[in-house]
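Q: Model the structure of this input:
(one chain, ligands or ions: 2)
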Amino acid sequence: MRAFLDLLNRVIRAGNQRPRRFYWGLSLRVLERIFSIAPFFLAYVWLDDLLQKSGTGLEFAEIMANDGQILTYGMALGALLAGQLLFSYLGQLQSFTGAYELTGSYRETLIDHVRRLPLGTLQQESSGRLASVLTDDVNRVEKIFTHLTAEWVAAVAVPLLFVIALVWIDWRLTLSLLVTLPLAVAALNAARRFFLARADRKQEQFLDVSGLLVEFITGIRTLRLFNRAKIWWERLDRRFEAIRHSSMGVEAWAGGSVQLYRLCLELGLVALLLCGAWLAKSDGLAPLHWLLFAMVAYKLLDPLLDAAAFLTEMRAMARSEARVQALFDRPPLPESSAPTEPDGFELAFEGVSFRYDTGTAWALRDVSFRAPQGRIVAVVGPSGGGKSTLLNLLARFFDPQEGRITLGGVDLRDLGPDQLYDYLSFVFQDVQLFDGSVLENVRIGCPEATDAEVMDACRAAWCDEFIQRLPQGYETLIGENGQRLSGGQRQRLSIARALLKDAPVLLLDESTASVDPETQHEIQGAISRLIKGRTVIVIAHRLHTIQHADQILLLTQGRIIERGSHAELLGAGGLYRDMWALQTITQ
Ligand code: ADP
Ligand code: MG
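A: Ligands and ions are numbered 1, 2, ... in the order given. Sure, this is the predicted structure:
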């Protein structure tokens with residue numbers, strides 16, 4: 001209960017939207033409930049009145065026919081029904097619109113928050129999980145407002161109103177009806193703890209098995225080739241069996257405890273009848289009271305009987321809300337309040353150290369270097385040396401824990417992320433293509449570019465020829481559901497994007513994909529056009545492509561151990577010379 005109110009408050013606060021309309025809608029729905037139970041009491045008052053008059057000896061039916069009040073009561077009843085209809089209509093309208101306003105801005109805030117998260121965090125998160133939080137979980141949170149709260153308010157409000165009215169008529173009968181309620185609640189509560197523990201374990205098992213399943217599906221080709229598919233299948237099968245087992249346990253317990261709860265509540269009816277009979281005998285209880293209670297009792301219990309089902313639903317929703325909240329709790333990249341303009345486009349690392357949240361060792365340790373404007377700095381080194389990490393920091397996928405990175409003398413943290421990305425182009429190894437035509441995919445580099453400009457960029461990036469050969473040329477759909485492109489083709493498209501964007505700083509991660517020498521030549525041609533006049537940081541895997549770089553940094557275990565021009569490094573006779581010798585032999 002408390003937790004539920006907290007949850008509502010959290011969502012409302014996160015959405016930063018005044019909940020007035022929503023609360024207004026809820027109040028109207030409570031009014032509707034009041035109007036829906038009032039006719040019972042109206043009838044009771046009327047009958048009571050009539051009975052008292054019949055005490056004078058007149059025939060009951062006669063009194064009723066001659067009673068001048070029949071019109072008044074009839075009209076009152078009509079008014080109650082009309083009011084009920086009106087409030088039901090308005091209440092639904094207001095509470096739904098209010099709920100959608102609230103959850104709409106909750107969604108917007110969440111998306112905006114995710115947009116401001118470090119890209120590195122998003123990269124680490126599996127995209128399936130993130131998508132499921134952003135869609136399924138948010139939908140479930142939305143349902144709390146559109147359905148659950150209104151029904152829950154009704155479930156609490158109706159019995160409460162009934163009880164107040166009934167106590168006023170006869171507190172003893174009311175007490176007898178509710179005597180088993182604490183027992184019912186206790187039964188539900190006792191089962192809850194057990195259920196929670198079980199359900200959590202089930203959830204764990206689900207996550208576990210879906211991870212395994214993804215591995216199985218993505219790796220199935222390899223598994224088949226190595227004749228391992230069957231063993232994996234058996235492993236999966238065992239997990240599924242375990243899930244089935246614990247699901248049945250959860251269902252049995254949940255089902256059992258709900259039945260117990262309902263049974264306890266319904267025992268209240270029996271208590272009511274017994275108590276009524278006893279009171280009628282000993283205390284001369286009016287049959288009319290008894291009748292009213294018997295009629296109203298079921299209507300009172302009905303929402304309480306349904307409440308048990310809510311509880312299960314509420315828990316699922318609360319869990320969804322917790323997952324969304326966890327996403328909200330991720331700190332976004334600090335955004336500078338007063339973004340500073342860089343003075344030129346020299347890049348510099350000043351004593352930068354960085355380690356991943358998940359890692360224990362430093363991925364980069366005390367790295368300092370300068371890349372003057374318009375110059376090329378190449379980064380080489382063994383795998384795991386920290387090359388990709390260095391580019392990730394430059395692209396502000398993460399911020400370093402120590403030291404600072406500057407562009408034109410301004411700390412990247414003071415630039416504001418959107419501004420930073422205006423100055424940067426990337427050509428990374430894994431080129432992302434989106435569902436859309438070739439033209440649209442390249443235009444991402446510069447949304448305002450005309451078709452002619454996009455095609456110019458493609459020609460400069462040596463893409464034009466293969467694009468012309470696609471079934472619909474520049475209009476061919478590529479990406480997720482489109483034409484498959486080779487690694488070399490994708491890379492050239494991403495070079496075309498970068499050319500079109502024409503940013504002053506270029507981050508380049510050379511492909512390790514093995515391409516035939518001719519394609520390699522074309523890619524190199526495209527790259528040499530792209531790097532002209534820009535500040536470039538390039539990760540190189542083939543040393544001969546960076547012989548002419550202005551400076552070469554050799555990174556191992558997160559530290560720069562050698563630096564200088566190609567000639568200087570060869571002369572120094574260190575690791576670089578060995579790597580060079582090895583590569584020229586294997587060429
Ligand atoms: P390179 O690109 O030179 O091969 P990386 O920058 O990818 O090297 O990796 C540097 C170090 O950081 C390695 O020890 C690697 O294991 C670690 N590392 C890289 N990415 C992550 C990550 N996302 N989480 C934790 N550790 C990482
Ligand atoms: Mg790497």
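
Q: use CA for all of it now, contacts and neighbours both
A: Noted.

Q: which SS class is the nearest residue to G473 once chain neighbours are set aside?
A: The shortest distance from G473 to any non-neighbouring residue, by Cα to Cα, 6 or more residues apart in numbering, is to I467 (5.4 Å). What DSSP: H, G, I helix; E, B strand; the rest coil gives for I467 is helix.

Q: mind listing what I467 touches?
A: When contacts are counted by Cα atoms under 8 Å, 6 or more residues apart in numbering, I467 touches 438, 473-474.

Q: List the buried residues for stretch 506-522?
A: Buried residues in stretch 506-522, counted by 16 or more other Cα atoms under 10 Å: 506-511, 522.

Q: That stretch close to ligand 1?
A: No - figure legend: stretch 506-522 not in contact with ligand 1 (Cα under 6 Å from any ligand atom); closest approach 9.3 Å.

Q: Give me the contact list for that stretch.
A: Here stretch 506-522 has contacts from 388, 391, 424-429, 462, 487-488, 491, 531, 534-541, using Cα under 8 Å, 6+ apart.

Q: ok, which of these also contact ligand 1?
A: Counting by Cα under 6 Å from any ligand atom, S388 from the contacts of stretch 506-522 sit close to ligand 1.

Q: mind giving me the domain ranges of this structure?
A: 2-60+68-329, 347-586 (automatic domain parsing).

Q: Any idea which of those has the lowest pLDDT on average?
A: Lowest mean pLDDT within the domains of the chain: domain 2-60+68-329, at a mean of 79.

Q: what about the closest residue to R140 other than its chain neighbours, helix or strand, and which?
A: Closest residue to R140 apart from its sequence neighbours, by Cα to Cα, 6+ apart: M317 at 5.6 Å. Under the criterion of DSSP states H and E, M317 resides in helix 287-329.

Q: following that helix, which helix or strand shows up next?
A: strand 347-354.

Q: in that next one, what counts as buried?
A: 347-354.

Q: Residues contacting it, please?
A: With contacts defined as Cα under 8 Å, 6+ apart, strand 347-354 is touched by 362-373, 399-409, 535.

Q: can you give me how far the helix or strand that it is followed by is from the chain middle?
A: As assigned by DSSP H and E, the chain's next helix or strand after strand 347-354 is strand 364-371. Computed by Cα atoms, centre = their mean, to the nearest Å, the chain-centroid distance of strand 364-371 equals 36 Å.

Q: Each with direction, which strands does strand 364-371 pair with?
A: strand 347-354 (antiparallel) (DSSP bridges).

Q: So the partner strand, near ligand 1 or not?
A: No - on the criterion Cα under 6 Å from any ligand atom, strand 347-354 is out of touch with ligand 1, staying 9.1 Å away.

Q: Using CSV, write out the CA atom coordinates for that strand.
A: What follows is strand 347-354, C-alpha atoms only, in CSV (Å, rounded to 0.1, in the frame of the first residue of the first chain):
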residue,chain,number,x,y,z
LEU,A,347,43.0,17.4,-29.7
ALA,A,348,44.9,16.7,-26.5
PHE,A,349,45.0,14.0,-23.8
GLU,A,350,46.4,15.3,-20.5
GLY,A,351,47.2,12.5,-18.0
VAL,A,352,44.1,10.5,-18.9
SER,A,353,43.4,7.3,-16.9
PHE,A,354,40.3,5.3,-17.4
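
Q: now the contacts of strand 347-354: which count as buried?
A: Burial by neighbour count, 16+ other Cα under 10 Å: within these this picks out 363-369, 371-373, 399-400, 402-409, 535.

Q: quick one: which of the contacts of stretch 506-522 sit in strands?
A: 424-427, 535-539 (DSSP state E).

Q: Which of the residues you listed sits closest to ligand 1?
A: I539 (8.3 Å; Cα to the nearest ligand atom).

Q: Specify which member of the contacts of I467 is nearest to W168.
A: For the contacts of I467, the residue nearest W168 by Cα to Cα is V438; the value is 76.1 Å.

Q: partners of the residue in the stretch 201-350 of the chain that ligand 1 sits nearest to in the sheet?
A: Ligand 1 sits closest to F349 of the stretch 201-350 of the chain, with a gap of 15.5 Å, by Cα to the nearest ligand atom. Note on F349: beta-bridge partners by DSSP bridges are F369, I405.

Q: residues of the helix or strand containing L582 that come out buried?
A: Here L582 sits within helix 575-586, counting by DSSP H and E. Under the neighbour-count criterion of 16+ other Cα under 10 Å, helix 575-586 has 575-577, 579-580 buried.

Q: Determine which two of these are furthest apart.
A: L575 and W580, at 8.5 Å, using Cα to Cα across the buried residues of helix 575-586.

Q: Report all helices and strands that the helix holding L582 contacts.
A: Contacting helix 575-586 under the criterion 3 or more Cα pairs under 8 Å, 6 or more residues apart in numbering; DSSP states H and E are the following elements: helix 566-572.

Q: Mind listing residues that contact the helix it packs on?
A: Applying Cα under 8 Å, 6+ apart, the set of residues contacting helix 566-572 is 547-549, 551-552, 562-563, 576-577.

Q: at 6 Å instead, please
A: Helix 566-572 is contacted from outside by 547, 577, using Cα atoms under 6 Å, 6 or more residues apart in numbering.

Q: picking that back up, just the ones in strands from the buried residues of stretch 506-522, please.
A: Among the buried residues of stretch 506-522, the members falling in strands (DSSP E) are 506-509.

Q: Would you mind measuring the gap between the ends of stretch 122-136?
A: Taking Cα to Cα, to the nearest Å, stretch 122-136 runs 18 Å from one end to the other.

Q: Stretch 371-389 too?
A: Note: stretch 371-389 ends 17 Å apart using Cα to Cα.

Q: Enumerate the positions of that stretch that are buried.
A: 371-381, 385-389.

Q: how about the residues of the protein near ligand 1?
A: Residues of the chain lying near ligand 1 (Cα under 6 Å from any ligand atom): 356, 358-359, 363, 383-389.

Q: among the residues you listed, which two are most distant?
A: Going by Cα to Cα, the pair spanning the residues of the chain next to ligand 1 furthest: T358 and S383, at 18.7 Å.
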